[in-house]
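K.L.:
pasted the sequence and its predicted model underneath.
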Amino acid sequence: MIDYKNVKLGKKAPRLDPRTLRFAKYIQAVPSPPIEVDYLPAHGPWPMYANDSLGDCVEAAAGHMIDEWQYCTQPDALQPTTAQIIQAYSGATGYVPGDPLTDQGTDMLTFLKYWRKTGVGGHKILAFVSLETGNLTQLEQAIWLFGASMIGLALPISAQNQSAWSVPGNLQGDAAPGSWGGHCVPVGAYRHDFPSRLRNTVVTWGQTLTMSDYFYQCYCDEAYAVLSQDWIEKQGVSPSGFDLAALQADLAAL
């Protein structure tokens with residue numbers, strides 16, 4: 001089990017922008033998601049991407065998503081490097097390596113715009129759209145259609161003692177949302193039929209963790225579907241029922 005004294009968080013509070021495009025607008029009669037989806041590579045451990053020493057969890061989550069997409073579409077491709085993730089952290093937030101005063105974390109919306117316009121390790125995304133937080137169907141659709149969902153969590157202190165994230169009872173004291181801090185992770189797998197309901201798999205701190213539906217509903221404070229052109233073209237996951245043309249038109253109008 002990971003020693004949580006040697007990890008960092010780093011996600012800032014959600015930044016609201018009324019211009020942010022909504023996932024639900026572009027869903028047109030998408031069939032129900034499969035009962036199980038798992039796009040996560042079988043390899044391990046995952047890169048830490050300096051999230052044991054820096055509050056770059058948002059950028060690290062992007063690195064893990066790129067790693068996942070490449071595993072599914074071009075398995076021989078190189079993972080993003082830690083240096084590239086730190087460079088993205090600097091570009092998105094102004095972090096200066098070696099200056100701890102500038103290690104202030106990242107808000108997800110600012111980073112997603114940076115990822116689309118500038119890229120991470122040479123990888124740009126096509127677009128991103130926000131999910132309705134706590135909506136399990138949208139979470140599953142985002143994972144199924146686009147390989148992963150990037151979520152923000154207001155983690156409770158109680159999660160520090162868990163090898164799998166679940167809600168220990170009421171949402172008070174150590175279980176209060178945000179009592180530990182903000183964190184960002186990708187969700188790359190889910191199962192409907194897992195007996196303990198620990199059926200969503202996230203990547204964080206160089207490992208995978210399972211997360212219950214209820215944990216997601218209680219502690220997620222923002223979530224996004226991130227559209228990678230490489231994923232859409234090479235994996236053959238057609239956005240069937242997802243109105244990509246309308247999304248591109250809306251992006252052009254921003």
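P.N.:
Noted; the coordinates are in hand. Numbers count the residues shown, from 1 in each chain.
K.L.:
adjacent strands (with direction) for the top strand by length along the chain?
P.N.:
When the chain is parsed with DSSP state E, its longest strand is strand 181-191. Note on strand 181-191: by DSSP bridges, its sheet partners are strand 36-38 (antiparallel), strand 149-155 (antiparallel), strand 200-204 (antiparallel).
K.L.:
how about those in CSV, adding mean neighbour count, mean pLDDT and distance to Ile232?
P.N.:
The way it works is simple: take the backbone N, C-alpha and C, and place the C-beta from them, glycine included. Shown next, in CSV, are the strands paired with strand 181-191 (neighbours: other C-beta atoms under 10 Å; pLDDT from 0 to 100; distance: least, C-beta to C-beta, whole Å):
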stretch, mean neighbour count, mean pLDDT, distance to Ile232
strand 36-38, 14, 90, 16
strand 149-155, 26, 98, 15
strand 200-204, 25, 95, 21
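K.L.:
closest one to Gly181 among those strands?
P.N.:
Judged by C-beta to C-beta, the one of these that comes nearest to Gly181 is strand 149-155, at 6.1 Å.
K.L.:
what's the local residue count around Phe128?
P.N.:
A count of nearby residues for Phe128, using other C-beta atoms under 10 Å, gives 24.
K.L.:
helix, strand or coil for it?
P.N.:
Secondary structure, DSSP: H, G, I helix; E, B strand; the rest coil: Phe128 is strand.
K.L.:
got a list of what it touches?
P.N.:
Shown in contact with Phe128 (C-beta atoms under 8 Å, 6 or more residues apart in numbering): 21, 112, 115-116, 150, 224-227.
K.L.:
I'd like the strands paired with strand 181-191 laid out as JSON lines, including distance to Phe215.
P.N.:
Listed next are the strands paired with strand 181-191 as JSON lines, based on distance: least, C-beta to C-beta, whole Å:
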{"stretch": "strand 36-38", "distance to Phe215": "18"}
{"stretch": "strand 149-155", "distance to Phe215": "8"}
{"stretch": "strand 200-204", "distance to Phe215": "8"}
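K.L.:
following the longest helix seen in the chain, which helix or strand comes up?
P.N.:
Ranked by number of residues, the top helix in the chain under DSSP state H is helix 57-73. Counting by DSSP states H and E, the element after helix 57-73 in chain order, helix or strand, is helix 82-93.
K.L.:
the strands paired with strand 181-191: which one's closest to Gly182?
P.N.:
strand 149-155 (6.0 Å).
K.L.:
residue closest to the middle of the protein?
P.N.:
Met150 (2.2 Å; C-alpha atoms, centre = their mean).
K.L.:
the residue nearest to it when sequence neighbours are not counted pairs with what?
P.N.:
Leaving aside its sequence neighbours, Met150 sits nearest to Tyr224 (C-beta to C-beta, 6 or more residues apart in numbering; 4.8 Å). Beta-bridge pairing for Tyr224 (DSSP bridges): Ser130, Met150.
K.L.:
quick check: Tyr224 touching Ser149?
P.N.:
Yes: applying C-beta atoms under 8 Å, one finds Tyr224 in contact with Ser149, separated by 6.7 Å.
K.L.:
what do those two both touch?
P.N.:
131, 142.
K.L.:
wait, Pro33 sits on Trp144?
P.N.:
Yes: taking contacts as C-beta under 8 Å, Pro33 lies within contact range of Trp144: 4.5 Å.
K.L.:
give me the neighbour count for Lys117.
P.N.:
Using other C-beta under 10 Å, Lys117 has 9 neighbouring residues.
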